[in-house]
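Asks: Okay, here's the prediction I keep looking at, along with the sequence it came from:
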Amino acid sequence: MKEIINVEVKSHKVDLSNCKTDLLAIGLFADTKGLDKPTQELNSKLKGAIDQLIKLGDFKGKDGTSALIYGNEQIGAKRVLLVGLGEKQKATLDTVRKAAANTTNKAVEMKIKTVSLALHRAFGGRFDLTVMGRAMTEGVYFGSYRYDEFVTESKNERLDTLSVELIDTDSTKTRKLNQGLSNGATIGKTQSYARTLANRPGNVINPATLAAEASKLARGLKGLSCTVFDEKQLTAKGMGGVLAVGSGSKNPPRFIILKYQAGSKAARKLPVIGLVGKAITFDSGGISIKRAANMDQMKLDKSGGIAVLGTMKAAAELKLPINVYGIIPAAENMPSGTSYRPGDIITTFSGKTVEVLDTDAEGRMVLCDGLAYAVKQKCDIIIDIGTLTGACKVALGKHMAGLMGNDEKLIKQIQGAAQDSGEKVWHMPSGEEYLAEMKSNIADLRNLAYVTKYGDACGGAAFLGQFVGDAKWAHLDIAGVDIFEKATKFMSEGSSGFGVRLLTTFLMNLTGKKG
Ligand code: BES
Ligand code: ZN
Ligand code: ZN
């Protein structure tokens, strides 16, 4: 897929004041007094402009803020952007990732061609430079991303290319930054790829076109293969959940299986991973139809499946020494004379029966077949991800995904990956009390909790936990974090691509690869 904005990232050893660039970005903490030597030198060449901004209180180093200074031919750079990093004590790796995103977001807005980032310098030795190079590069891609592939009337609002360099005055440091840069670029580009796929509306992406995209991806990448079950194969295999959800649409469902085989000895010592992603290419609710307001956002109901697709792409490109299945049940949830109905009893792929009480609780209906398939493939660890419940959005808002599961160690590993990747999670319950509400009197399970709808994020997870056999399992509910309705300082509106960084980092951490 052609990138919407072609972003190139390199590293470069150069003095701050000699750096020839359209925009030189420097990070400053809110509570650090004074400037380091190279910044001091820059400040004197700029006749004290940086000092002035700080002294006058126009720039306080607060998180998410920035201030622009013009180079005026006194230095190599045309502009200097001071980027606020907040309080030093509170800084994490995500601070530098966000600072990079903030910078490139502005650069695109300002139609700037070249950007030089010296953001890492303020952190001193706090984080490994390779890890920082990766985080900054991920941020570069995240902040510069735009989705406008269907805008045909050129409004000349942006350039098609952006050239970025990570700079330092010390070549041993640029070398370390450069090591992380390459992985960061792979992950960053993959996240942009995922955002574009997720942003494409339901008339462009349906289960079959999504499956075609997955096959195309696998053809181009070593170690990656793709199998797609069409509606006939779904029927033959008894994938009742996926079939039921897809039954109301003219666009038939698909079951997409991506398999990444590392082909290395090291991979055989690691657990086999199954990633299962919900891909509802449009969720109207079906017969239990949704209200009209914001229904358009349900084109993003495929975000979990796309996070899995993206992670498989990244795993193959990074040649990670671990074997992974990417399982993507894809369907369109539509109301029609052929739709599944409230009251229907569905026999799922696992053999378990489910009483449908609400056709809008369709995510669990497709994921249960995906999970059972992962069990059949003997995956040791299974992680499912999807925009499952409005309840999760109500509970956690737009900052964190809900995380449930049946294994403490796995939960901790995912929490660790969240910290490293900046895609945050919050552990929520899904135990017995919640499962009890998901039992039916006329089938094995019901797809909507008995008595109330309250706590549906937990009820949904408890339901899914019934399909994982003996595997270690975690569930990520990304409803809420999948989309930004409004642009922020760090990103444009639309899909966030949530999950690509988190899951790729999870896999990388398992293989011991950090930067
Ligand atoms: N795709 C929705 C959940 C959702 C809501 C995602 C808001 C993103 C933003 C899901 O399929 C759904 O409709 N869930 C129902 C479940 C209910 C019927 C038990 C919901 O949350 O209302
Ligand atoms: Zn729904
Ligand atoms: Zn849905």
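Replies: Happy to help now that I have it. Ligands and ions are numbered 1, 2, ... in the order given.
Asks: ok, and does the lengthiest strand in the chain reach over to ligand 2?
Replies: Using DSSP state E, we find that the single longest strand of the chain is strand 324-333. No: applying CB under 5 Å from the ion, one finds strand 324-333 separated from ligand 2 by no less than 6.1 Å. No exception for glycine: its C-beta is placed from N, CA and C like everyone else's.
Asks: Can you list the buried residues in the very next helix or strand once past that strand?
Replies: Next helix or strand after strand 324-333 toward the C-terminus (DSSP states H and E): strand 345-347. The neighbour-count check on strand 345-347 (16 or more other CB atoms under 10 Å) flags 346, 347 as buried.
Asks: helices or strands up against the longest strand of the chain?
Replies: Other elements packing on strand 324-333 under the criterion 3 or more CB pairs under 8 Å, 6 or more residues apart in numbering; DSSP states H and E are helix 207-219, helix 240-246, strand 254-260, strand 273-277, strand 279-283, helix 303-317, helix 363-376.
Asks: Tabulate these (JSON lines), appending mean neighbour count, mean pLDDT and distance to residue 67.
Replies: Formatted as JSON lines, these follow (neighbours: other CB atoms under 10 Å; pLDDT from 0 to 100; distance: least, CB to CB, whole Å):
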{"stretch": "helix 207-219", "mean neighbour count": "20", "mean pLDDT": "98", "distance to residue 67": "42"}
{"stretch": "helix 240-246", "mean neighbour count": "29", "mean pLDDT": "99", "distance to residue 67": "51"}
{"stretch": "strand 254-260", "mean neighbour count": "25", "mean pLDDT": "99", "distance to residue 67": "45"}
{"stretch": "strand 273-277", "mean neighbour count": "30", "mean pLDDT": "99", "distance to residue 67": "41"}
{"stretch": "strand 279-283", "mean neighbour count": "29", "mean pLDDT": "99", "distance to residue 67": "43"}
{"stretch": "helix 303-317", "mean neighbour count": "30", "mean pLDDT": "99", "distance to residue 67": "35"}
{"stretch": "helix 363-376", "mean neighbour count": "27", "mean pLDDT": "99", "distance to residue 67": "44"}
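Asks: okay if I get these as CSV plus distance to residue 186?
Replies: Listed next are the helices and strands packed on strand 324-333 as CSV, based on distance: least, CB to CB, whole Å:
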stretch, distance to residue 186
helix 207-219, 14
helix 240-246, 31
strand 254-260, 14
strand 273-277, 17
strand 279-283, 23
helix 303-317, 5
helix 363-376, 25
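Asks: of all these, which lies closest to ligand 2?
Replies: Ligand 2 lies closest to strand 279-283 among these, at 4.4 Å (CB to the ion).
Asks: Remind me what that closest one packs against, helices and strands.
Replies: helix 207-219, helix 303-317, strand 324-333, helix 363-376.
Asks: Quick check: pLDDT value at the residue in the stretch 1-150 of the chain positioned nearest to ligand 1.
Replies: Taking CB to the nearest ligand atom as the measure, the stretch 1-150 of the chain has residue 147 as its residue closest to ligand 1, at 18.1 Å. pLDDT, residue 147: 96.
Asks: My reading is that it lies in a strand. Confirm?
Replies: No: under DSSP: H, G, I helix; E, B strand; the rest coil, residue 147 falls outside any strand and is assigned coil.
Asks: From the chain's centre, how far out is the top helix by length along the chain? Work that out for me.
Replies: The single longest helix within the chain, with elements called by DSSP state H, is helix 171-199. Centroid separation between helix 171-199 and its chain, computed with CA atoms, centre = their mean, to the nearest Å, is 13 Å.
Asks: Please point out which parts of that helix sit buried.
Replies: Buried, per 16+ other CB under 10 Å, within helix 171-199: 173-174, 176-199.
Asks: What helices and strands are in contact with it?
Replies: strand 6-13, helix 129-144, strand 161-168, helix 303-317, strand 494-495, helix 500-511.
Asks: ok, the fifth one near ligand 1 or not?
Replies: In other words, strand 494-495. No: Strand 494-495 stays clear of ligand 1 (CB under 6 Å from any ligand atom), getting no nearer than 11.9 Å.
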